[in-house]
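Q: how would this look folded up:
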Amino acid sequence: MPKVPLVSLGNTGLKVSKLGFGTFDFGVPSLNIGPEEGGRILLESYRLGVNFWDTSDDYGSHPHVAAALRLVPREEVVISTKTSATNGEEAEKSLRNSLKELGTDYVDVFLLHFVKTNWIKDCPRVLKELNDMKKTGTVRAIGLSTHSVAVVNAASRFELDVIMAICCRADQATILQFHEHVPLEDGSIENMLQALKLAHENGKGVIAMKVLGGPAPPLVKNFQSSIKSVAKMGFVDALCLGMKSLDEVEKNIEAVLS
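A: Predicted coordinates for the structure are as follows:
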């Protein structure tokens, strides 16, 4: 199978695989995926070119990523984790805990998690404190994840490197019907695509999430075309897809490369 190509993530200087491995499923107790199994799946995905692994301090998947990091050269993978911290002190504590759980002395991307519209005013203050962490070498790039068009529009002007946001090819009727799967906080999906395009033009790295909508049934049914359409968007640097098996990795790689 051909390897996933590496792309530039905005102006971060990081080279990430077009397909990112979202590790949320590894932390779901009912799926019973242990750290060693998760680590093995990440290792095999790395061998197929997937060097970008995304996690969070609340996923429960840090041990799985840590297991994989013991099997690959640290400098050859890009690790993204997130924090729900609302101030610099909380963020620093979250980062220290994450580094310990991941078994590494730095993360490549550190994101404020699930930023909502009611936090737009205070967000730049915390991002400034995250930017200060870059000076210590424990963080290489910072940013936020969001479901909000308004947040993406505001973030285009913020001092940050990366934006992770809902980005899919569902029509608005589908989004309204399956809102629990595609929880767009405000605006339309077309508004979101325009906001992400502007952010990319402003030098931000753009990572598409919920490409299959959580998964929304119509998007999963046509998962290859859903993934392909987002992969071909010029303003999307990488897609982060939740995966729980090597079979899913291979099928998603095929869709990205199609």
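Q: When you work out contacts or count neighbours from here on, use the C-alpha atoms and nothing else.
A: Fine.
Q: Start from the N-terminal end of this protein and give the strands.
A: All strands of the chain, identified by DSSP state E, fall at 6-8, 15-17, 19-22, 52-54, 78-83, 107-115, 139-146, 162-166, 205-209, 238-242.
Q: and the fourth one, average pLDDT?
A: Strand 52-54 shows an average pLDDT of 99 in the prediction.
Q: Identify the residues contacting that strand?
A: When contacts are taken as CA atoms under 8 Å, 6 or more residues apart in numbering, the neighbours of strand 52-54 outside the stretch itself are 16-17, 19-23, 65, 77-81, 240.
Q: Same list, these, but as TSV with pLDDT and neighbour count please.
A: As requested, the contacts of strand 52-54 are exported to TSV (pLDDT from 0 to 100; neighbours: other CA atoms under 10 Å):
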residue	pLDDT	neighbour count
16	98	24
17	98	27
19	98	30
20	98	29
21	98	24
22	98	21
23	98	25
65	98	27
77	98	20
78	98	20
79	99	24
80	98	21
81	98	25
240	98	22
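Q: OK, contacts around residue 46?
A: With contacts taken as CA under 8 Å, 6+ apart, residue 46 has the following neighbours: residue 77.
Q: Hmm, I typed the wrong one, I wanted residue 23.
A: Here residue 23 is in contact with 53, 54, 55, 59, 61, 242, 243, 244 (CA under 8 Å, 6+ apart).
Q: and the third one, backbone torsions?
A: When you say that, I think you mean residue 55. The main-chain torsion angles of residue 55 are listed as degrees, to the nearest 10 and equal phi -140, psi -170.
Q: is it true that residue 253 touches residue 4?
A: Yes: under the criterion of CA atoms under 8 Å, residue 253 lies in contact with residue 4, with a separation of 6.6 Å.
Q: what about those two, which has more around it?
A: residue 253 (26 against 22; other CA atoms under 10 Å).
Q: ok, now which ones touch that one?
A: Residues in contact with residue 253, defined by CA under 8 Å, 6+ apart, are 4, 19.
Q: Lovely, talk soon.
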